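1. Test case, fold it:
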Amino acid sequence: MEKPDTTTLGCSVVVVAYNEEWTISDCLRSLIAQDYPKESFEIIVVDGCSEDQTPDIVRGFMNKEPGVTVRLVSNPKRTIASNRNMGIREASFEYVAFTDADCISPPDWLKKLSSGFQYNAEKCQLAAVGGGNRSDETLGKISLAIGFAFQSYISGLGTVQTRGPKTIASVDSLACLNVMYKRERLLSVGGFNEHLKNMGEDWDLNYRLRKEGWQLLYLPDTDVIHKMRKDWKHFVRQMFRYGEGRAKLLNLHRESWSLQYVLPLVFVIGMIISLAAGIMFQSIYFTLPVLYLIIIAGAAFHQSFLSKRLDLWFGVVFAFVIIHFGYGFGEWYGVLSKKEIEKV
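-> The predicted structure is shown next:
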């Protein structure tokens with residue numbers, strides 16, 4: 001069945017940034033080039049008081065394209081959650097879309113989100129629509145290997161942040177690098193929880209929306225290009241922070257514990273015990289680590305083969321190891337720290 005004609009939604013696109021001088025230009029160029037009526041959207045860059053040239057670069061885009069509004073807002077609080085809330089407060093339109101400074105949006109990105117929202121709002125209590133992300137092929141082999149690893153089920157047990165469904169689907173959460181909300185829905189739940197600062201603020205918001213009965217829909221074929229980490233050091237830190245952030249969310253919403261979040265904890269402990277036992281006693285205890293390596297080697301070959309880049313096989317294997325161990329250790333760190341986070 002063909003989708004009905006829809007009118008254009010007025011949308012404020014919020015980009016949060018901090019020291020993004022090497023990515024912000026490409027991000028803004030892609031947003032300015034949207035195939036969308038210029039009077040129906042604005043671009044708001046919320047800068048967390050960057051210490052590089054990010055604000056100056058943004059100012060260079062202001063009034064550069066006739067009819068396209070680009071605004072720069074400075075936020076001394078600096079955190080991602082507070083940046084997003086400031087973007088909501090500054091928004092002039094009824095709908096608010098979020099993307100990140102290290103993302104490039106295809107020309108039809110806003111059009112697809114807008115039409116997807118309108119078409120599906122007739123069918124359910126809809127709070128937001130969004131899509132996935134894929135790696136930037138121009139950033140080199142490490143970034144590509146990370147992107148290929150995230151496309152596999154075993155990188156995140158099928159979460160839409162790593163591997164989205166092939167059809168429109170109701171999901172638990174949408175990442176704020178590619179999402180459109182109705183502004184009044186955001187305000188109705190108090191916006192983003194600023195106590196979370198830079199970790200898990202989007203999942204927490206989406207969780208509270210779902211508890212109020214609102215739905216989140218994943219739209220296929222609406223990917224943005226994401227400039228993923230270009231070196232292993234920063235990727236390790238990123239995965240550790242993701243795990244730590246998940247633990248904070250589980251402490252905040254204890255009812256949200258599930259097997260999906262227990263597995264990383266069990267995996268890390270199991271691997272440590274197996275390796276220690278193998279070293280101290282006999283080689284049979286190395287069965288678990290060997291089996292793990294066989295599985296991720298096979299998964300990496302599959303992803304590399306599908307992408308016709310077998311030269312990236314080892315990089316994908318290494319990315320899997322970092323994802324699993326980095327996230328697992330980060331989650332353990334967050335669980336053991338037991339830092340209390342206030343609810344909105």
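
2. make it CA atoms for all contacts and neighbour counts henceforth
-> Noted.

3. Mind jotting down where the strands sit in the stretch 151-300 of the chain?
-> 169-170, 179-182, 215-218, 224-226 (DSSP state E, counting those that start in this stretch).

4. The second one: partners in the sheet, and parallel or antiparallel?
-> So that's strand 179-182. strand 95-100 (antiparallel), strand 126-130 (antiparallel) (DSSP bridges).

5. Which other helices and strands does the helix or strand following the shortest one contact?
-> So the one you mean is strand 126-130. Once strand 126-130 ends, the next helix or strand along the chain (criterion: DSSP states H and E) is strand 133-135. Using 3 or more Cα pairs under 8 Å, 6 or more residues apart in numbering; DSSP states H and E as the contact test, the elements touching strand 133-135 are helix 141-150, strand 224-226.

6. And strand 133-135, how far out from the chain middle?
-> Taking the mean of its C-alpha atoms, strand 133-135 sits 10 Å from the chain's own mean (Cα atoms, centre = their mean, to the nearest Å).

7. And for it, what's in contact with it?
-> Residues external to strand 133-135 that are found in contact with it (Cα atoms under 8 Å, 6 or more residues apart in numbering): 143-144, 146-148, 161, 178, 223-228.

8. of these, closest to Trp257?
-> For the contacts of strand 133-135, the closest approach to Trp257 (Cα to Cα) belongs to Gln161, at 18.2 Å.

9. Read off the pLDDT value for the closest one.
-> What the model reports for Gln161 is a pLDDT of 60.

10. try Tyr285
-> In this model, Tyr285 carries a pLDDT of 73.

11. any chance you could map the helices in the stretch 151-300 of the chain?
-> For the stretch 151-300 of the chain, the helices defined by DSSP state H, counting those that start in this stretch cover 153-156, 183-188, 201-211, 232-252, 259-280, 287-306.

12. Go through those helices and name the closest to Tyr95.
-> helix 183-188 (5.1 Å).

13. Next, the buried residues of the closest one.
-> For helix 183-188, the neighbour count (16 or more other Cα atoms under 10 Å) marks 183, 185-186 as buried.

14. quick one, what contacts the residue lying closest to Met180 once chain neighbours are set aside?
-> The shortest distance from Met180 to any non-neighbouring residue, by Cα to Cα, 6 or more residues apart in numbering, is to Ala97 (4.0 Å). Applying Cα under 8 Å, 6+ apart to Ala97 gives the contacts 11-14, 178-181.

15. Pairing partners for Ala97 in the sheet, please.
-> Going by DSSP bridges, Ala97 forms beta bridges with Val13, Met180.

16. Leu306: how many residues sit nearby?
-> Leu306 has 11 neighbours, counted by other Cα atoms under 10 Å.

17. In this structure, where is pLDDT below threshold?
-> 1-7, 157-163 (pLDDT under 70).

18. Now do the longest helix seen in it: distance to the chain's middle.
-> Assignment by DSSP state H gives helix 313-337 as the longest helix of the chain. In terms of Cα atoms, centre = their mean, the centre of helix 313-337 is found 17 Å from the chain centre.

19. other SSEs contacting it?
-> If you count contacts as 3+ Cα pairs under 8 Å, 6+ apart, helix 313-337 packs onto helix 141-150, helix 153-156, helix 232-252, helix 259-280, helix 287-306.

20. Only the buried residues of it, if you could.
-> Neighbour-count burial for helix 313-337 [16+ other Cα under 10 Å]: 313, 315-335.

21. quick one, what contacts Trp313?
-> 145, 297, 300-301, 304.

22. Closest one of these to Gln238?
-> Gln238 lies nearest to Ala145 out of the contacts of Trp313, by Cα to Cα, at 15.3 Å.

23. OK, contacts around the residue nearest to that closest one when sequence neighbours are not counted?
-> In space, and not counting its chain neighbours, Ala145 is closest to Val316: 4.8 Å by Cα to Cα, 6+ apart. Neighbour list for Val316: 145-146, 148-149, 300, 304 [criterion: Cα under 8 Å, 6+ apart].

24. okay, now the spatially closest residue to Glu65 that is not a sequence neighbour: neighbour count?
-> Distance criterion Cα to Cα, 6+ apart; nearest residue to Glu65, sequence neighbours excluded, is Ile32 at 7.4 Å. Number of residues near Ile32 (other Cα under 10 Å) recorded here: 22.

25. Can you tell me how far Ile32 is from Arg134?
-> 20 Å (Cα to Cα, to the nearest Å).
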